[in-house]
Each structure stands twice: as C-alpha cells, then as structure tokens.
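Novice: Here is my input; please provide its structure:
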Amino acid sequence: MQLPFHIIEMLKRKSNSDLRLPSDCEQLSLDIESRTQVRIGATTLKRLLGFAHDERTPHASTLDVVARYLGYRHWEELAKIEDKGNSDFGTTDEEVRSADLQPGDCVEIAYLPDRIVKMQYLGNNRYRVMESRNSKLLVGDEVEILNFVLHHPLLVVNVWRDGQPMGQFTAGRVSGLSSITVFPSTLNS
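Specialist: Numbers count the residues shown, from 1 in each chain. Purely as a prediction, here's the structure:
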C-alpha cells in the first residue's frame, strides 16, 4: 500500500528531504526512530512511499508510528485530514503547462543521471526535440506533453519518430525532473 500523496508531502516537509530516491528511506527511518523511539524499516518505508510496488497493507502499528511522527495521535486521526494538495485547479511555481506556452517557446528539462532534452513548442501540446543528451528521445522526435512538474516524472503522452507513433514515454521515473527552464520565443516579443 502506498501512502496518499498529501501524506507523503507531509513526510517530505517533516523530514526536510525530497524523498526522491529509494536510498532516502534509510535516513527517514533513522529520523522517525529518533523522534518516536520506534523503528520503521527502510524496506517498509520504500513500500509506503511507492518505491517498491507491494499491495500488502501495513500493520496498523506502523501507520500509527507514521502518524505520531507527523504530530498526530494515531493513524485514524491523520487519515481524516483533508487532502489539499493532490487535486487543484491552480498551478505551482514548479509546474509548466503546455497550455500556457506560445508556439516557438523552448523548454529544457534535466533528469538523472545526466540527461538533458531541449524541445520547441509547436502548439496543441506538441513539441519537437531540438537537443538531446543521454536521453532515449532523439533530435527530430515530436512529443505530446501536457505539463512539466519539477521533481516528478515527465509523462510523454506519445512520441512520433520519423512520422511513426511510438507510444508513451516516461522520463525521470525514479527521481523526477531536476530542472525545467523555459526560453520564450523571440518571435513572441
């Protein structure tokens, strides 16, 4: 069972960690133990944070420790709080939406380990790859992307290579995008 998004965000804030890599669960385990005097193993935390796909329901005592770490008396109290961050019509400073761009604008993304892709916006959520370093996307590929969100994987709805559809593509699956830079088109000024 993976914890709800808003509770994972609370864990990130409490631990002062992005929790972007499975190895971050070791440090979180130590922090939880130092604050609650109860140990939750890193493997269990990996399941709860979605790094290990496992649908087993954690023990109620494990969920209670997570709740205590976050300042709640028990899991039932934490589970009742409203999810204010998982659904929203607004955007954040860490998001770039294709709908907000103008044709000719360029977006450059980076993700681990050392991948960089620069794309020019064509309109209608479509981009042409202009530069690609260490990525499976190639110069000349056309891609359909709805939005770019920092520290989240990039979902490419479809890739067209030499005019042929190749299907979906996900970039930065483990640690998400490490940077997003928009270069406005000089044609739009």
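
Novice: hey, let's count contacts and neighbours off CA atoms from now on
Specialist: Noted.

Novice: which parts of the lowest-mean-pLDDT helix or strand in the chain are buried?
Specialist: Ranking every helix and strand in the chain by mean pLDDT, DSSP states H and E puts helix 75-79 at the bottom, with a mean of 86. Within helix 75-79, the residues scored as buried using 16 or more other Cα atoms under 10 Å are 75, 78.

Novice: Ok, stretch 48-58 next?
Specialist: For stretch 48-58, by 16+ other Cα under 10 Å, it's 48-51.

Novice: The most centrally placed residue in the chain and Gly176: what is the separation?
Specialist: Centrality entry for the chain: nearest residue to the mean C-alpha point is His152, 1.7 Å, by Cα atoms, centre = their mean. Distance, His152 to Gly176, by Cα to Cα, to the nearest Å: 4 Å.

Novice: Now do the nearest residue to Gly50 once chain neighbours are set aside against Lys46, distance only.
Specialist: Leaving aside its chain neighbours, Gly50 sits nearest to Gln2 (5.3 Å; criterion: Cα to Cα, 6 or more residues apart in numbering). For Gln2, the distance to Lys46 equals 9 Å [Cα to Cα].

Novice: do Gly167 as well
Specialist: Taking Cα to Cα, one finds Gly167 at 29 Å from Lys46.

Novice: okay, the two: which has more neighbours?
Specialist: Lys46 (21 against 11; other Cα atoms under 10 Å).

Novice: Ser98 against Asn125, yeah?
Specialist: Yes: under the contact definition of Cα atoms under 8 Å, Ser98 touches Asn125, with a separation of 5.5 Å.

Novice: The one helix or strand Glu108 maps to pairs with which strands, parallel or anti?
Specialist: Taking DSSP states H and E as the definition, Glu108 sits inside strand 106-111. Sheet pairing of strand 106-111 (DSSP bridges) gives strand 115-123 (antiparallel), strand 177-183 (antiparallel).

Novice: Out of those strands, which one sits most buried?
Specialist: Greatest average neighbour count among those goes to strand 115-123 (a mean of 21), per mean count of other Cα atoms under 10 Å.

Novice: Quick one: residues in contact with whichever helix or strand comes after it.
Specialist: Following strand 115-123 in sequence order, the next helix or strand is strand 126-133 (DSSP H and E). The contact list for strand 126-133 (Cα atoms under 8 Å, 6 or more residues apart in numbering) reads 114-122, 137-145.

Novice: And for stretch 142-151?
Specialist: Residues from elsewhere that reach stretch 142-151, judged by Cα under 8 Å, 6+ apart: 20, 94-99, 125-129, 154-161, 175-180.

Novice: PyMOL command for the buried members of the residues you listed?
Specialist: With 16+ other Cα under 10 Å as the criterion, this PyMOL line picks the buried residues out of these:
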select buried, resi 20+96+98+125+126+127+128+129+154+155+156+158+159+160+175+176+177+178+180
